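**Student:** I would like the atomic coordinates for the input below:
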Amino acid sequence: MKPKVSFVAFYLIWAAIMKWKVPDLHWRIILWLQECAAEVRVLEVFRGAAKSTIYAVYKAWRLYCDPTNLSLVWSADSKLAKRMTRDTIAVLRRHPLCRGMLPQTVGTEEFWVEGAIDARNPSMGAYGVMSNATGGRAHDIDFDDVEVPKNIGSIEGREKLRERISESTHILIPGGRKTYIGTPHTHDSIYDEQVEGGAELLKIPLFEHRVRYEEPKDQLVFRVPFAPGPDGYYVFIGIHKFARLLTTDEYTVGANTITLHKTYAGVIDIYAGCAWPQRFTRKDLLRRRRDTRTLNAWDSQYMLEAKPIHAVRLDPAKLVPYDVKPVVIQANGGIRMMLGRVQIVSATVRWDCALGRTSGDDSALAVILQDAAGRYYWQVAEALTGDVFAQCDRIRAIVIELQLPRVVIETNGIGGFTPAVLRKALRGTGCGVGAVSTKGNKNTRILEAFEAPLSAKFIWAHVDVIDVVWDQMKDWKPNVEKQPDDHLDGAAGAITDQPVRILKAITGRSQQPETGAWRPDVGTFEVELDLSGA
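**Tutor:** So this is what the prediction gives:
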């Protein structure tokens with residue numbers, strides 16, 4: 001249907017009534033909403049840019065042009081969704097082109113305009129994304145801030161959100177449109193997923209250009225691969241309460257460089273091209289930077305980079321990936337295990353046994369290899385399924401494939417009786433079985449095992465392992481007691497089980513060497529202990 005007036009004209013009238021001076025940023029949004037006819041659209045704009053306010057005017061324009069249009073607003077909760085309907089009602093009440101469109105009293109959860117022809121479905125309805133909208137129908141479904149910290153803090157939460165969003169397909173009238181409005185709150189954002197699926201995107205970060213230096217140390221001169229905007233450069237030091245925004249007398253601008261007048265500790269962010277400098281003044285930006293607790297939160301909410309907004313203590317990006325499997329080689333009277341060109345000197349295995357139910361913890365098996373330089377290679381992160389006997393059979397297959405010398409079982413929970421079952425399953429392999437009852441704080445164990453070697457990039461991981469543990473590492477928080485961490489817990493145990501090696505000579509020359517005989521040796525030593533002075 002041809003619109004009665006353009007959205008630009010409709011908005012200009014409303015802006016005059018509200019005495020708004022419309023910035024360039026808003027014109028970009030207005031023109032995109034008017035012109036973009038894609039069936040799926042994503043509008044990502046930084047926090048505080050008034051995108052929802054503009055969209056409420058857009059919803060009023062849609063109803064003005066076609067009173068028979070039906071739309072459904074889904075937000076993280078019904079309270080948030082009703083903000084959109086309230087804003088739209090306010091426009092319909094006061095806009096001169098919309099006189100008489102609303103009855104005297106309307107509800108904020110749903111309402112009908114004059115000219116609506118569907119008595120069952122409202123002109124505009126507002127619901128929380130987890131509420132039941134079965135049976136509804138709409139030409140437009142608007143997802144306004146459906147992704148928020150409280151519903152994407154775990155893998156399960158994000159999956160549940162996706163399931164609810166998928167229900168919109170059954171509500172949308174054929175030929176209808178979906179629009180997603182918001183900012184990303186996680187590395188696994190629904191907005192990126194929609195764009196990857198072909199949705200049209202308008203993405204406006206707070207700054208058009210940026211470069212980051214995470215470890216500047218004693219550096220004074222920084223390369224800047226972009227020119228300053230009319231408002232110059234923005235040079236931030238650090239984040240949260242220690243953040244600073246340098247003034248122009250604290251640095252010198254050169255040809256593609258900025259030279260600081262003194263060194264600073266902490267991350268350095270250099271930006272240019274603020275999207276709304278009239279409102280987001282330098283004073284306001286510094287306050288926002290200091291109120292933001294982590295760089296991830298700043299990057300996601302203002303630069304629209306899909307990252308978890310909490311501080312990631314176990315960043316999977318610091319795992320060094322590899323895509324080879326170890327092989328055991330017999331040559332020149334010796335046996336050795338090689339991982340590509342690296343010789344492996346030890347292997348540890350942890351099994352955190354569970355029943356493998358979909359609703360419970362994973363029965364997680366972790367295998368960690370180590371080379372002579374002390375690097376760890378996370379070779380296996382597998383969730384075992386089936387009953388205990390089936391799980392033991394799977395472990396036997398992995399033990400034989402990797403020639404593992406010993407499996408340690410965490411005997412908490414159902415692990416108490418599994419050592420005997422596993423010993424029977426491993427009979428004839430030469431692989432031993434140990435048992436340990438874990439005590440103390442699990443999160444502390446995980447941090448102590450992972451954080452130091454991960455920060456030094458001393459943990460390598462097979463690409464299959466990275467696929468399994470990526471989300472678990474990204475989502476893991478040290479102050480949360482119950483969270484998906486089975487693979488992390490098992491690997492942490494395997495890392496701490498790595499022995500101080502006192503090696504012995506390899507004598508195995510048989511065609512079928514004993515399991516674990518590939519571990520290298522440096523000879524036999526005789527040690528004398530003199531206690532005469534004790």
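
**Student:** OK, contacts around the residue lying closest to residue 313 once chain neighbours are set aside?
**Tutor:** Counting by Cβ to Cβ, 6 or more residues apart in numbering, residue 313 lies nearest to residue 478, which is 5.6 Å off, once chain neighbours are set aside. Heads up, the C-betas are built off the backbone N, CA and C, glycines and all. Applying Cβ atoms under 8 Å, 6 or more residues apart in numbering to residue 478 gives the contacts 313, 443, 446-447.

**Student:** Which of the helices or strands spans residue 478?
**Tutor:** Using DSSP states H and E, residue 478 sits within no helix or strand.

**Student:** From residue 493, how far out is it?
**Tutor:** 17 Å (Cβ to Cβ, to the nearest Å).

**Student:** Just the helices from the protein, written as ranges.
**Tutor:** In the chain, the helices defined using DSSP state H lie at 7-18, 24-35, 51-65, 78-94, 155-166, 168-171, 190-196, 282-291, 295-301, 388-402, 418-425, 442-455, 463-475, 486-496.

**Student:** on contacts alone, who are the packing partners of the lowest-mean-pLDDT helix or strand in the chain?
**Tutor:** Least confident helix or strand, the chain: helix 155-166 with a mean of 82, by mean pLDDT, DSSP states H and E. Applying 3 or more Cβ pairs under 8 Å, 6 or more residues apart in numbering; DSSP states H and E, we find helix 155-166 packed against helix 190-196, helix 463-475.

**Student:** Including mean neighbour count, mean pLDDT and distance to residue 184, could these go into CSV?
**Tutor:** Listed next are the helices and strands packed on helix 155-166 as CSV, based on neighbours: other Cβ atoms under 10 Å; pLDDT from 0 to 100; distance: least, Cβ to Cβ, whole Å:
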stretch, mean neighbour count, mean pLDDT, distance to residue 184
helix 190-196, 18, 92, 6
helix 463-475, 19, 92, 13
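
**Student:** Excluding chain neighbours, what is closest to residue 36?
**Tutor:** Setting aside the residues directly before and after it, residue 36 is nearest to residue 200 in space (Cβ to Cβ, 6+ apart), at 5.3 Å.

**Student:** That neighbour: what's it in contact with?
**Tutor:** By Cβ under 8 Å, 6+ apart, the residues touching residue 200 are 36, 38, 40-42.

**Student:** Check those for burial and list the buried ones.
**Tutor:** Buried subset of those (neighbour count, 16 or more other Cβ atoms under 10 Å): 40-42.

**Student:** so which of those comes closest to residue 100?
**Tutor:** Distance to residue 100 across the buried ones among the contacts of residue 200 (Cβ to Cβ) is lowest for residue 41, with 30.4 Å.

**Student:** Contacts only, for the closest one.
**Tutor:** Contacts for residue 41 were tallied using Cβ under 8 Å, 6+ apart; they are 177-180, 199-202.

**Student:** Kindly indicate the member of those with the most neighbours.
**Tutor:** The most crowded member of the contacts of residue 41, judged by other Cβ atoms under 10 Å, is residue 180 (26 neighbours).

**Student:** how close does that one sit to residue 82?
**Tutor:** Residue 180 sits at a distance of 19 Å from residue 82 (criterion: Cβ to Cβ).

**Student:** Can you give the domain ranges for this structure?
**Tutor:** Per automatic domain parsing, the structural domains of the chain span 7-204, 207-274+281-301, 316-496.

**Student:** what's the least confident stretch among the ones you listed?
**Tutor:** Lowest mean pLDDT within the domains of the chain: domain 316-496, a mean of 88.

**Student:** about what we covered before: now, among the contacts of residue 200, which is nearest to residue 193?
**Tutor:** For the contacts of residue 200, the nearest to residue 193 is residue 42 (9.7 Å; Cβ to Cβ).

**Student:** Go ahead and confirm the closest one touches residue 201.
**Tutor:** Yes: using Cβ atoms under 8 Å, residue 42 is in contact with residue 201, at 4.8 Å.

**Student:** Tell me who's in contact with the most centrally placed residue in the chain.
**Tutor:** Among the residues of the chain, the one closest to the centroid is residue 187, at 2.5 Å (Cα atoms, centre = their mean). With Cβ under 8 Å, 6+ apart as the criterion, the residues that contact residue 187 are 306-308, 474.

**Student:** Residue 484 reaches residue 158, doesn't it?
**Tutor:** No: Residue 484 is beyond contact range of residue 158, at 11.5 Å (criterion: Cβ under 8 Å).

**Student:** And the two? Which one has more around it.
**Tutor:** residue 158 (22 against 15).

**Student:** Contacts only, for the more buried one.
**Tutor:** Applying Cβ under 8 Å, 6+ apart, we find residue 158 in contact with 151-152, 186, 188, 190.

**Student:** mind listing the strands for the stretch 251-400 of the chain?
**Tutor:** 251-254, 257-260, 268-274, 320-322, 327-331, 334-339, 342-352, 363-371, 376-384 (DSSP state E, counting those that start in this stretch).

**Student:** Thought residue 272 was touching residue 229, still the case?
**Tutor:** Yes: at 4.8 Å, residue 229 counts as touching residue 272 under the criterion of Cβ under 8 Å.

**Student:** Bridge partners for the residue nearest to residue 382 when sequence neighbours are not counted, pull those for me.
**Tutor:** Leaving aside its sequence neighbours, residue 382 sits nearest to residue 365 (Cβ to Cβ, 6+ apart; 4.8 Å). Note on residue 365: beta-bridge partners residue 351, residue 382, judged by DSSP bridges.

**Student:** Might you report the residue contacts of residue 365?
**Tutor:** 349-352, 380-384, 394-395, 398, 490.

**Student:** Could you pick out the buried ones from the residues you listed?
**Tutor:** For the contacts of residue 365, a neighbour count by 16+ other Cβ under 10 Å gives the buried set as 349-352, 380-382, 384, 394-395, 398, 490.

**Student:** Compare the strands of the stretch 251-400 of the chain and give me the one nearest residue 223.
**Tutor:** Minimum separation from residue 223 across those (Cβ to Cβ) falls at strand 257-260, 5.8 Å.

**Student:** Contact partners for the closest residue to residue 102 other than its chain neighbours?
**Tutor:** Nearest residue to residue 102, sequence neighbours excluded (Cβ to Cβ, 6+ apart): residue 92, at 5.2 Å. Residue 92 makes contacts with 60, 63-64, 98, 101-102, 113, as judged by Cβ under 8 Å, 6+ apart.

**Student:** Show me the two of those that sit farthest apart.
**Tutor:** 64 and 102 (11.3 Å).

**Student:** quick one, which of those two is more surrounded?
**Tutor:** Taking other Cβ under 10 Å, residue 64 and residue 102 do not tie; residue 64 has more neighbours (22 against 18).

**Student:** for the more buried one, what are its contacts?
**Tutor:** Applying Cβ under 8 Å, 6+ apart, we find residue 64 in contact with 4-5, 10, 92, 95, 97-98, 101.
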